[in-house]
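Engineer: here is my input; please provide its structure:
(chains A, B and C)
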Amino acid sequence: MLAVVRRIPPGRVATYGCIAELAGRPGAARAVGNIMSEGGRPAVPAHRVIAAGGRLGGYGGHEQLKRSLLLAEGVTFRGARVHPFRALEWTGPSRRLSR
DNA sequence: AACATGACTGTCG
DNA sequence: TCGACAGCCATGT
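Structural biologist: You can find the predicted model right below:
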């Protein structure tokens, strides 16, 4: 799972559910978020992991920082939601739109 | 092994 | 569009 998060390309965002699916555990979005909260690996760009619908989701109480990090990656935000979420939504490495 | 918790998701109002 | 309720998964006690 954490490996999947690491596969998220820069400037792109992935939802917990998407990561769970890529990890082979569809519906385990909560589990993904839970693992992230544990912070098992610092090399995992957790700031690229957002909730469904382009929502910020959570960041251990530092969602503002998360927004800034994404903003630095080129992700535009619309209040508490990404604007071109549909275009920035990374659904997996098999997506020819990415890469 | 079982119960409780949590960075989630989808549907109803 | 926003708020509340129920469902599902992994980890920790």
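Engineer: so what's A:Gly33 closest to, chain neighbours aside?
Structural biologist: In space, and not counting its chain neighbours, A:Gly33 is closest to A:Tyr16: 5.2 Å by C-beta to C-beta, 6 or more residues apart in numbering. Where you see a C-beta, it was placed from the backbone N, CA and C, and this is true even at glycine.
Engineer: the one you found and DNA strand C: what is the separation?
Structural biologist: Noted for A:Tyr16: a distance of 10 Å to DNA strand C, by C-beta to the nearest atom of the strand, to the nearest Å.
Engineer: equivalent analysis for A:Gly53, please.
Structural biologist: From A:Gly53 to DNA strand C the distance is 9 Å (C-beta to the nearest atom of the strand).
Engineer: and that residue, how many neighbours?
Structural biologist: 10 (other C-beta atoms under 10 Å).
Engineer: right, and it touches A:Val82 too?
Structural biologist: No. With contact defined as C-beta atoms under 8 Å, A:Gly53 does not reach A:Val82; the gap is 9.4 Å.
Engineer: which SSE is immediately downstream of the helix or strand hosting A:Ser37?
Structural biologist: A:Ser37 is part of helix A:29-38, with elements assigned from DSSP states H and E. As assigned by DSSP H and E, the chain's next helix or strand after helix A:29-38 is strand A:49-50.
Engineer: for that next one, packing partners?
Structural biologist: strand A:14-15, helix A:16-22, helix A:29-38 (3 or more C-beta pairs under 8 Å, 6 or more residues apart in numbering; DSSP states H and E).
Engineer: which residues touch that strand?
Structural biologist: Strand A:49-50 is touched from outside by A:5, A:8, A:13-16, A:19, A:32-33, A:36, A:56-57, A:66, A:70, A:82, with contacts defined as C-beta atoms under 8 Å, 6 or more residues apart in numbering.
Engineer: please redo it, this time with the cut-off set to 6 Å
Structural biologist: A:Val5, A:Val13, A:Ala14, A:Gly57 (C-beta atoms under 6 Å, 6 or more residues apart in numbering).
Engineer: of all the residues you listed, which comes closest to A:Ala43?
Structural biologist: A:Val5 (9.4 Å; C-beta to C-beta).
Engineer: nothing else from me, thank you.
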